[in-house]
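Asker: I'd like to go over a predicted model; first the sequence, then the structure.
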Amino acid sequence: MLKKRKVDVVCIQETKWKGGSTKEVNGFKLWYSGVGNTRNDVGIMISSLMKENIVEVNRVSDRIMKIKFVVNEEVVNIVSVYAPHVGLCELARKNFWDCLDEIVRLIPGDQILYIEGIHGGFGFGMRNKSGWDLLEFALARDGFYDEDVNRMWNRWACTITNVATDMLGVTSRKVQVQKEAWWWDQEVQERVKIKHNYFRELLCCQDDEQVDMRRILYKEAKRTAKKTVAKAKSKAYEAMYNHLGTKEGQNGIYRLAKVRERRRRDLGFVKCIKDVNGHVLLKDKDIRNRWHNYFRELFNEERIGVREI
């Protein structure tokens with residue numbers, strides 16, 4: 001769905017995963033942050049086209065995490081948050097807003113900032129204390145124009161829901177499970193295609209007398225497809241296990257383990273570098289000068305030490 005709608009960045013909450021790590025999910029890379037057995041946890045998904053531009057990943061807590069990347073010589077900061085609900089104690093709520101305030105203040109003014117998340121579990125139009133806190137946080141940092149809060153809230157809610165509906169559509173609440181297909185051969189594909197064709201004919205059939213016959217044909221094609229799939233799957237796994245018993249197969253396991261470990265790194269590609277003050281360098285001239293100074297200091301470190309002595 002995200003690829004179809006050309007969505008490159010998605011902030012998610014309530015992942016309920018322990019610890020902080022990364023995952024590859026259907027062409028997207030997911031960074032998530034969780035602590036222990038919490039039920040909060042936040043994450044950020046970025047498409048494969050943009051994951052190479054990641055500069056920094058900061059997991060603040062199980063409710064706040066930030067990712068910084070570069071797009072067209074602009075530094076963009078994405079902050080995924082899960083605001084505390086009204087049932088938590090005042091200390092936990094205060095710690096959350098203090099951490100978020102510190103994260104926002106440390107971002108330079110010339111960089112783009114987006115804060116995405118949920119607050120309190122109330123839907124749009126039903127604003128609880130967490131909703132008020134979010135608005136006050138944005139207003140205090142010039143996140144919105146100074147106008148009537150209720151009108152601003154309604155416009156914001158309508159804009160988000162309309163854009164989400166236009167871009168992502170509305171689901172039918174039917175969960176589609178992604179099935180394995182790496183072992184499908186030509187025969188399996190043909191049998192599955194025949195089954196789909198019979199199913200379409202059954203749906204399009206308007207004649208009551210023909211419906212029963214087409215239903216029988218579809219069920220027969222479905223049974224045949226299941227048998228073909230089972231045979232192909234068993235044959236493919238048997239071949240794979242036999243290959244793993246050889247020396248080449250063992251080397252392939254180690255290569256696969258290295259690839260998986262490399263995918264779990266926060267920064268798999270390094271395209272952008274920072275200066276001595278931690279600011280991201282965007283222009284080629286500044287990047288070359290930074291590398292020049294770095295290697296000059298690296299290769300002349302012993303000489304500098306002798307001079308100081």
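Answerer: Great, that's in hand.
Asker: Asn58 sits in which helix or strand?
Answerer: Using DSSP states H and E, Asn58 maps to strand 54-59.
Asker: and that strand, what does it pack onto?
Answerer: With contacts defined as 3 or more CB pairs under 8 Å, 6 or more residues apart in numbering; DSSP states H and E, strand 54-59 has these neighbours: strand 28-33, strand 64-71. The C-beta positions use only the backbone N, C-alpha and C, and glycine is treated the same way.
Asker: for those strands, could you give me JSON lines that also reports mean neighbour count?
Answerer: Formatted as JSON lines, the helices and strands packed on strand 54-59 follow (neighbours: other CB atoms under 10 Å):
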{"stretch": "strand 28-33", "mean neighbour count": "22"}
{"stretch": "strand 64-71", "mean neighbour count": "21"}
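Asker: okay if I get these as a markdown table plus mean pLDDT and distance to Arg263?
Answerer: Putting the helices and strands packed on strand 54-59 into a markdown table (pLDDT from 0 to 100; distance: least, CB to CB, whole Å) gives the following:
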| stretch | mean pLDDT | distance to Arg263 |
| --- | --- | --- |
| strand 28-33 | 84 | 8 |
| strand 64-71 | 86 | 16 |
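Asker: so for Gly87, which of these sits nearest?
Answerer: Closest to Gly87 of the helices and strands packed on strand 54-59, according to CB to CB: strand 64-71, at 18.9 Å.
Asker: can you redo the helices and strands packed on strand 54-59 as CSV with distance to Val10?
Answerer: CSV is the format used below for those (distance: least, CB to CB, whole Å):
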stretch, distance to Val10
strand 28-33, 8
strand 64-71, 11
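Asker: of these, which is nearest Arg200?
Answerer: Taking the helices and strands packed on strand 54-59 one by one with CB to CB, strand 28-33 is closest: 31.3 Å.
Asker: strands paired with the closest one, and their directions?
Answerer: As defined by DSSP bridges, the strand partners of strand 28-33 come to strand 20-25 (antiparallel), strand 42-47 (antiparallel).
Asker: mean pLDDT lowest for which of those?
Answerer: Among those, strand 20-25 carries the lowest mean pLDDT, at a mean of 80.
Asker: ok and it relative to strand 64-71, angle-wise?
Answerer: If you take axes from the mean of the first three to the mean of the last three CA atoms, to 10 degrees, strand 20-25 sits at 50 degrees to strand 64-71.
Asker: so what touches strand 20-25?
Answerer: Residues from elsewhere that reach strand 20-25 (CB atoms under 8 Å, 6 or more residues apart in numbering): 29-34, 45, 59, 65, 263-266.
Asker: show me which positions of that strand end up buried.
Answerer: The neighbour-count check on strand 20-25 (16 or more other CB atoms under 10 Å) flags 20, 22 as buried.
Asker: with stretch 229-242 instead?
Answerer: Using 16+ other CB under 10 Å as the burial criterion, the residues of stretch 229-242 that qualify are 229, 232, 236.
Asker: please save the CA atoms from it in CSV.
Answerer: Output of stretch 229-242 as CSV, limited to C-alpha atoms (Å, rounded to 0.1, in the frame of the first residue of the first chain):
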residue,chain,number,x,y,z
VAL,A,229,1.7,-25.9,-4.4
ALA,A,230,2.4,-28.6,-1.7
LYS,A,231,4.5,-30.7,-4.1
ALA,A,232,6.5,-27.7,-5.3
LYS,A,233,7.1,-26.4,-1.8
SER,A,234,8.3,-29.8,-0.5
LYS,A,235,10.6,-30.2,-3.5
ALA,A,236,12.1,-26.7,-3.1
TYR,A,237,12.8,-27.2,0.6
GLU,A,238,14.3,-30.6,0.1
ALA,A,239,16.7,-29.1,-2.5
MET,A,240,17.6,-26.2,-0.2
TYR,A,241,18.4,-28.6,2.7
ASN,A,242,20.6,-30.7,0.5
